[in-house]
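Trainee: What follows is a predicted structure for the sequence shown.
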Amino acid sequence: MDWQDLLTALALVLVIEGILPFANPSGMRQAAQLMSALGDRSLRLGGGAAMLAGLFLLYLARA
């Protein structure tokens, strides 16, 4: 993996992260309010699950 691959991945993350606030800003605001009401444990579990899913997809894509 070189720097170009890393920058490409970062660019894709930024594009994907920007879709929801661009398409539905009020929905994004509501989701942020709901997330702020969650406890630290719930947020960590959700983040960990997302990271594991991403690692699994990356493994499948690179295998």
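Mentor: Arrived safely.
Trainee: ok now the longest helix seen in the chain, how far from the chain's centre?
Mentor: Longest helix in the chain by number of residues (criterion: DSSP state H): helix 40-62. Distance of helix 40-62 from the chain centroid (C-alpha atoms, centre = their mean, to the nearest Å) equals 9 Å.
Trainee: angle of the helix or strand containing residue 17 against helix 40-62?
Mentor: Element membership of residue 17, judged by DSSP states H and E, is helix 3-23. Interaxial angle, helix 3-23 versus helix 40-62 (axes from the mean of the first three to the mean of the last three C-alpha atoms, to 10 degrees): 130 degrees.
Trainee: heads up, I number from 51, so please use that
Mentor: Right, with 51 as the first residue, what we last looked at is helix 53-73.
Trainee: contact partners of the longest helix of the chain?
Mentor: Identification of contacts with helix 90-112 by C-beta atoms under 8 Å, 6 or more residues apart in numbering yields 85, 88. In this view, the C-beta of every residue, glycine as well, is placed from N, C-alpha and C.
Trainee: what do you get if the cut-off is 10 Å, keeping everything else the same?
Mentor: With contact meaning C-beta atoms under 10 Å, 6 or more residues apart in numbering, helix 90-112 is reached by 51, 59, 63, 85, 86, 88, 89.
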